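**Student:** can you look at this prediction? I've put the sequence above it.
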Amino acid sequence: MKVHIHLNVDHEKKILFESLKIIHGKTFSDILEEGLNACLSEIAPSKLIEEEIAQTKMKLMELEQNLMTVRMIEKQQKIEQKVTEQKEDIVEGYLETMRVERFEEFKDSTIKLWKKGDMNWPRIVDLYQFKNTSEAKEWFARKMAEVEA
């Protein structure tokens, strides 16, 4: 955790430091932190290491918390995906049952129209609730193959 500190610095040195920033690329905070670390490493190196360990432990705890959150999100996404797949399976099952019932209801006329090649595909797509004409043609081709077998 960083804290805000107000310092008094010689005006000339401040201007010189700021003018050389393109060379050293450091801020006043960087310089102060480096100086504090150098001073602490001479005076109390064990305390400095203890502080680094404490900071590392805090960072590790934060990362572990983030990992738990990500895992919970991944688990929720998997559950949602399974629910979506189950819903899609239910809808597909319903559509297949409805299509078979309609086919049986209009079987004779449908077979005649199929053999003539005179199917009204836009109407069939709407009546049988297909996504598009190619899906309808594929389904009817399978159905006709079953009927002829």
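**Tutor:** Arrived safely, thanks for sending. Numbers count the residues shown, from 1 in each chain.

**Student:** might one say that Phe103 is in contact with Lys143?
**Tutor:** Yes. Using Cβ atoms under 8 Å, Phe103 makes contact with Lys143 at a distance of 5.9 Å. (Glycine included, C-beta is placed from N, CA and C.)

**Student:** quick one, helices of this structure?
**Tutor:** 11-19, 21-24, 28-43, 45-105, 107-116, 121-128, 133-148 (DSSP state H).

**Student:** give me the residues contacting the first one.
**Tutor:** Residues outside helix 11-19 that contact it (Cβ atoms under 8 Å, 6 or more residues apart in numbering): 28, 31.

**Student:** return that helix as CSV; C-alpha atoms alone will do.
**Tutor:** Below are the C-alpha coordinates for helix 11-19, written out as CSV (Å, rounded to 0.1, in the frame of the first residue of the first chain):
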residue,chain,number,x,y,z
HIS,A,11,14.0,24.0,-6.1
GLU,A,12,17.1,23.9,-8.3
LYS,A,13,17.5,20.1,-7.7
LYS,A,14,13.9,19.6,-8.5
ILE,A,15,14.1,21.4,-11.9
LEU,A,16,17.4,19.6,-12.7
PHE,A,17,15.9,16.2,-11.8
GLU,A,18,12.7,16.8,-13.9
SER,A,19,14.8,18.0,-16.9
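
**Student:** run the angle between that helix and helix 28-43 for me.
**Tutor:** Comparing the axes of helix 11-19 and helix 28-43 via axes from the mean of the first three to the mean of the last three Cα atoms, to 10 degrees yields an angle of 110 degrees.

**Student:** now Gly25. Its backbone dihedrals?
**Tutor:** Main-chain torsions, Gly25, degrees, to the nearest 10: phi 60, psi 30.
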